[in-house]
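Engineer: What would the 3D arrangement of this be:
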Amino acid sequence: MLANISASVLAGITGHPVSVEVHVSSGLPTFTVVGLPDAACREARDRVRAALISSGIVWPPGRITVNLAPSGIRKEGPGLDLAIAMGVLVADEKLPAEDLADMAFLAELGLDGRLRAVPGVLPQVRCLDSAEVVVAPESAAEAALARGPAIRAPATLGELVSVLRGEDAWPEPPKPESTGPSAEALDLADVRGQHMARLSLEVAAAGGHHLLMIGPPGAGKTMLARRLPGLLPPLDEPTAIEATMVCSAAGLDLPCSGLIRRAPWQAPHHSASMMALVGGGSRTLRPGAISCAHGGVLFLDEMGEFAPQALDALRQPLEEGVIRVNRATAAASFPARFLLVGAMNPCPCGELGQPGKCRCTPLARLRYARRLSGPLLDRFDLRIHVGRPEVSDLFDAPPGESSAEVRVRVERARIAAAKRGAASNSELPDDALDECAPLDPEAKSMFSHAIAEGRLTARGFQRVRRVALTLADLSGRQPPLTGDLVAQALFMRTEPVTVAHDPWSLANGCR
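Structural biologist: Predicted coordinates for the structure are as follows:
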């Protein structure tokens, strides 16, 4: 007999419906899986057989053929185990086919018959048009975010078979387990001194501007960066869904509610490869760190130690907010609209400009400075020097503003950007700047000098203009942009990082 069971597979972060066709006939006992399965799919024959026997169900003694249609899409992972098991039971006439006609199944099977969660449940459920979807209990909260089919979450294969036979009722989906109070974001009030760095964090959060901090070890660059997510507003509904789909496909832990609401934080190690950053794979395409940071912050600590090729791969996603991964056998697009924050030392030893302390040769300094290409530097709207705090700041200075106080101004600036039709000022199209950010004569003169001297590119001009608009929003001022706002925006992009005659005077010049 032939059975047809609905399921789905994951390609990138997109779900694709799959029809699991199972044929049971007489003949020598065999179990064959066709339809472009990977190794994990082919191994389903052993997991399904053991799960059925462990659940007290007799395994059919004949020839079993499983076809995963359409055959042109590669099937990866163990997520089709439950659908194959249901197909075997229907084809062997142990379950009525009409009861499963409008159902889909997405779960891995343990050898003892337990249903196990698989990554990417949310996008897989969203692509199905079935009235009911059966998933593992751990995936119930995530699957419910699809807001379409009814979600069923039995714990074991035996429990599922009992329900389908009419012997039991569907169990209630498990309630999300409380993990206790969620960890609060780190507070900006913990930072003493560093007034320019604090302002830069506020501007970056308010306008979505990428930030590069250069300074000696122990200056507080990482401490500052870790407090940036606490300044960002909660994710809106579409961004939250996208971020949740990405993290689900990547196999990352999700909050107990299933939906990511707070701005994500990703801080990959400097040894990360280009594939780990942007995503991809030889056959299985998975999102990288930039996609897992979608809607939040990507922090690259010790940025000068990353492979230059991996850093330059960020240039296109920084402009477009999406990364397109193409391989010979597959292609996928991942959302990648994130706030990039980089931190690095001014030289390999970190003591550049300190008499008697720097041990680097001029060639070593130049080589270190060139690890960040000019086009990548041009995409940082804010480039500041973070010096070590003064002793008086550490012991005597009062605490600065808290993250909650700064967040009020950040949200006000985001509301102003939303009225212009963008989520933040960094996303304003160039043709809207003339209307939203007109320049007064003094501001035009300052830009003209910077461009004429070669210190500012056309792209840099538009980026500095957006930063000046963010500064105006934070201070509650209305356009046109005045000379003092433009001067401050230029200073935050071109502040001297080291003493004169060092490589950074060229590498960190205004572009």
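Engineer: Contacts for stretch 268-281, please.
Structural biologist: Residues outside stretch 268-281 that contact it (C-beta atoms under 8 Å, 6 or more residues apart in numbering) are 285-291, 298, 300-303, 305-307, 309-310, 313-314, 317, 323, 325, 327, 332, 334, 336. Backbone N, C-alpha and C define where each C-beta goes, glycine included.
Engineer: try stretch 43-50
Structural biologist: 31, 33, 37, 59, 66, 78, 80-81, 84-85, 88, 108-111.
Engineer: Kindly give a single ChimeraX line that selects the buried subset of those.
Structural biologist: In ChimeraX syntax, the buried subset of the contacts of stretch 43-50 is picked out as below (16 or more other C-beta atoms under 10 Å):
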select :31,33,37,66,78,80,81,84,85,88,108,109,110
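Engineer: So which of the contacts of stretch 43-50 are in strands?
Structural biologist: Judged by DSSP state E, the subset of those located in strands is 31, 33, 66, 108-109.
Engineer: okay if I get the residues you listed as a markdown table plus distance to Arg198 and pLDDT?
Structural biologist: As requested, these are arranged in a markdown table below (distance: C-beta to C-beta, whole Å; pLDDT from 0 to 100):
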| residue | distance to Arg198 | pLDDT |
| --- | --- | --- |
| Phe31 | 64 | 92 |
| Val33 | 58 | 93 |
| Val66 | 60 | 94 |
| Glu108 | 48 | 96 |
| Leu109 | 53 | 95 |
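Engineer: Those residues: which two are farthest apart?
Structural biologist: Pairwise distances across the ones in strands among the contacts of stretch 43-50 (C-beta to C-beta) peak at 17.3 Å, for the pair Phe31 and Glu108.
Engineer: Stretch 391-400: which residues count as buried?
Structural biologist: Residues Gly400 are the ones in stretch 391-400 that count as buried (16+ other C-beta under 10 Å).
Engineer: ah, wrong one, I meant stretch 320-334
Structural biologist: Judged by neighbour count using 16+ other C-beta under 10 Å, the buried positions of stretch 320-334 are 323, 325, 330, 332-334.
Engineer: check contacts around Ser248.
Structural biologist: Going by C-beta under 8 Å, 6+ apart, Ser248 touches 13, 119-123, 142, 254.
Engineer: Model confidence at Leu506, what's the number?
Structural biologist: Predicted confidence (pLDDT) for Leu506: 37.
Engineer: The one 5 residues further on now?
Structural biologist: Per-residue confidence (pLDDT) for Arg511: 47.
Engineer: Which parts of the stretch 351-500 of the chain are strands?
Structural biologist: Under the criterion DSSP state E, counting those that start in this stretch, the stretch 351-500 of the chain contains strands at 382-385.
Engineer: Restricted to helices, list the contacts of stretch 268-281.
Structural biologist: Per DSSP state H, helices hold the following members of the contacts of stretch 268-281: 289-291, 309-310, 317.
Engineer: how close does Pro154 get to Ile57?
Structural biologist: According to C-beta to C-beta, to the nearest Å, Pro154 and Ile57 sit 15 Å apart.
Engineer: roughly how far apart are the nearest residue to Ala443 once chain neighbours are set aside and Val203?
Structural biologist: Spatially, and ignoring its direct neighbours in sequence, Ala443 is nearest to Val486 (4.3 Å; C-beta to C-beta, 6 or more residues apart in numbering). Computed as C-beta to C-beta, the Val486 to Val203 distance reads 14 Å.
Engineer: for the stretch 351-500 of the chain, which spans come out with low pLDDT?
Structural biologist: Counting by pLDDT under 70, the stretch 351-500 of the chain shows low-confidence ranges at 353-355, 495-500.
Engineer: Which parts of it are helices?
Structural biologist: 362-369, 374-377, 391-395, 403-419, 430-436, 441-452, 458-475, 483-494 (DSSP state H, counting those that start in this stretch).
Engineer: Pick the most buried one from these.
Structural biologist: Highest mean neighbour count of the helices of the stretch 351-500 of the chain: helix 458-475, a mean of 22 (counted as mean count of other C-beta atoms under 10 Å).
Engineer: Quick check: which helices or strands does it pack against?
Structural biologist: Packing partners of helix 458-475 (3 or more C-beta pairs under 8 Å, 6 or more residues apart in numbering; DSSP states H and E): helix 195-207, helix 403-419, helix 430-436, helix 441-452, helix 483-494.
Engineer: Name all residues that make contact with the residue nearest to the spatial centre of the chain.
Structural biologist: Geometric centre of the chain, nearest residue: Cys292, 1.9 Å, by C-alpha atoms, centre = their mean. Cys292 sits next to 246-247, 250, 252, 264, 266 when contact means C-beta under 8 Å, 6+ apart.
Engineer: Could you rerun that using 6 Å?
Structural biologist: Taking C-beta atoms under 6 Å, 6 or more residues apart in numbering, we find Cys292 in contact with 246-247, 250, 266.
Engineer: any chance of these in JSON lines, plus neighbour count, pLDDT and secondary structure?
Structural biologist: Conversion of those to JSON lines gives the following (neighbours: other C-beta atoms under 10 Å; pLDDT from 0 to 100; DSSP: H, G, I helix; E, B strand; the rest coil):
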{"residue": "Val246", "neighbour count": "30", "pLDDT": "93", "secondary structure": "helix"}
{"residue": "Cys247", "neighbour count": "24", "pLDDT": "92", "secondary structure": "helix"}
{"residue": "Ala250", "neighbour count": "18", "pLDDT": "89", "secondary structure": "coil"}
{"residue": "Gln266", "neighbour count": "19", "pLDDT": "95", "secondary structure": "strand"}
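Engineer: beta partners for Met333?
Structural biologist: Quick fix: residue 333 is Ser, not Met. Taking DSSP bridges as the rule, Ser333 bridges to Arg324.
Engineer: Might one say that it is in contact with Val325?
Structural biologist: No: counting by C-beta atoms under 6 Å, Ser333 does not reach Val325; the two are 7.5 Å apart.
Engineer: So for stretch 20-37, first residue to last residue, what's the gap.
Structural biologist: For stretch 20-37, the first and last residues are 12 Å from each other (C-alpha to C-alpha, to the nearest Å).
Engineer: Can you give me the domain boundaries for the protein?
Structural biologist: For the chain, automatic domain parsing gives the domain ranges 2-164, 188-419.
Engineer: and Pro429, which of these is closest to it?
Structural biologist: Pro429 lies closest, by C-beta to C-beta, to one member of these: domain 188-419, at 12.2 Å.
Engineer: Distance check, the residue nearest to Arg126 when sequence neighbours are not counted against Leu382.
Structural biologist: Excluding its sequence neighbours, the residue lying closest to Arg126 (C-beta to C-beta, 6+ apart) is Ala146, at 4.8 Å. Here the distance between Ala146 and Leu382 works out to 39 Å (C-beta to C-beta).
Engineer: higher neighbour count, the two?
Structural biologist: In terms of neighbours (other C-beta atoms under 10 Å), Leu382 is the more surrounded of Ala146 and Leu382; the figures are 26 against 19.
Engineer: still on that earlier bit, nearest to Arg226 among the contacts of Cys292?
Structural biologist: Nearest to Arg226 among the contacts of Cys292 is Gln266, at 12.1 Å by C-beta to C-beta.
Engineer: and that closest one, what are its bridge partners?
Structural biologist: Beta bridges link Gln266 to Leu298, judged by DSSP bridges.
Engineer: can you tell me the distance between the two ends of stretch 217-232?
Structural biologist: Across stretch 217-232, the terminal residues are separated by 26 Å (C-alpha to C-alpha).
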